[in-house]
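Novice: pasted the sequence and its predicted model underneath.
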Amino acid sequence: MRVYILRRLLVAVPSLLIASLIVFTLPRLIPGDVVQLMLEEKAYGKDLEDLRAKLGLNRPLYVQYFDWMGSIVRGRLGESLWTRQPVLTELTRRLPVTVTLGIFATLVSIAIGVPIGVLAATRQDGALDFFARSAAILGLSVPGFVLAILVTLLPAIWWGWTPPRFVAFTKDPAGHLLQFVLPALILGVAAAAAIMRLTRGMLLEVLRQDYVRTAAAKGLRERVVVLKHALKNALIPVVTVLGLQVAGIAGGSVIIEWIFGIPGMGQFLVDAIVQRDYPVIQGINLIIVTLIVLTNLSVDLLYAVLDPRIRY
């Protein structure tokens, strides 16, 4: 397994290099000029070209890219064009917030999607199955940001309730964790719907296998047959999709954090896009890509746990 992990990490290197090139290029395609914005805000100086030279934006793009990659090799992500503060310092403070939200959303998607998928498969074509499939279609159809806006707007109009202000973990650990429950529920709904549908479909396929019928014919209870003999094999494609859902949760957290006022990487990214703060945008996206690559590696390693026949 060590050789397999090493090979996967080596394969991830060119993937990350290609991703870094995309991450570096795309922010510069956003309409608007950061230097012009700074002059309008009177953030620095009065001369356009002097400010551009001061920020290093007058150099060729390939020179800027290699300078940025050099700073990454040295363990840095550059400096914000607006505050001149290291990007890594700000991300170190905000990353745990986004990771906490992502973990909560992932747990919500698993806790909702897998049990309901199992129940729907074992009660095929029944009332529960019909309700679960309808709810899954609804969950996939309604965007997360729409649910977030409704959840924050309607209670405020009807009952005068608004989501609580962000509380740091050091001030109130319990309150800090509780404030992630509602955003995680909204963020995990779409992922739960996809997991539920896949769990149901795969479990129905596995339940028709000969070894499962043999286990049932031996007189084992339905619960034992489903949970011990069928569910593990049915979960292998589900785990694969769950790894892909991490990207969706990471992307969805950008808007969710902004709506709920959570000071994580998502809100930081929105502010950076508005200000055209290229190093911040690049740093956040590169961290997200790295997390997705590592998550997919972890998912691959889980295959051997779910199916002992798999060898690396």
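Specialist: Arrived safely, thanks for sending.

Novice: quick check, L203 in contact with K232.
Specialist: No. L203 is beyond contact range of K232, at 10.6 Å (criterion: CB atoms under 8 Å). Any C-beta I mention is one placed from the backbone N, CA and C, and that applies to glycine too.

Novice: who has more neighbours out of these two?
Specialist: More crowded of L203 and K232, by other CB atoms under 10 Å: L203, with 26 against 14.

Novice: what is whichever strand or helix holds that one packed up against?
Specialist: In this structure, L203 sits in helix 181-207 according to DSSP states H and E. Judged by 3 or more CB pairs under 8 Å, 6 or more residues apart in numbering; DSSP states H and E, helix 181-207 is in contact with helix 87-122, helix 127-141, helix 144-158, helix 231-260.

Novice: Throw the ones you listed into TSV and include mean pLDDT and distance to V63, thanks.
Specialist: Shown next, in TSV, are these (pLDDT from 0 to 100; distance: least, CB to CB, whole Å):
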stretch	mean pLDDT	distance to V63
helix 87-122	88	19
helix 127-141	84	45
helix 144-158	82	38
helix 231-260	80	30
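
Novice: who's in contact with P155?
Specialist: Counting by CB atoms under 8 Å, 6 or more residues apart in numbering, P155 touches 161-162.

Novice: the residue nearest the centre of the chain and G264, how far apart?
Specialist: Residue closest to the mean C-alpha point of the chain, counted by CA atoms, centre = their mean, is A250 at 2.2 Å. The gap separating A250 from G264 is 11 Å, by CB to CB, to the nearest Å.

Novice: common neighbours of the two, please.
Specialist: Residues within reach of A250 and of G264 at once, by CB under 8 Å, 6+ apart, are T98.

Novice: I'd assumed P279 was in contact with L81.
Specialist: Yes. Between L81 and P279 there is a contact under CB under 8 Å: 6.5 Å.

Novice: hmm, who's touching the helix or strand encompassing V224?
Specialist: For V224, the host element (DSSP H and E) is helix 222-224. Residues from elsewhere that reach helix 222-224, judged by CB under 8 Å, 6+ apart: 122, 215-216.

Novice: how about a markdown table for those, with neighbour count added?
Specialist: Shown next, in a markdown table, are the contacts of helix 222-224 (neighbours: other CB atoms under 10 Å):
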| residue | neighbour count |
| --- | --- |
| T122 | 19 |
| A215 | 17 |
| A216 | 17 |
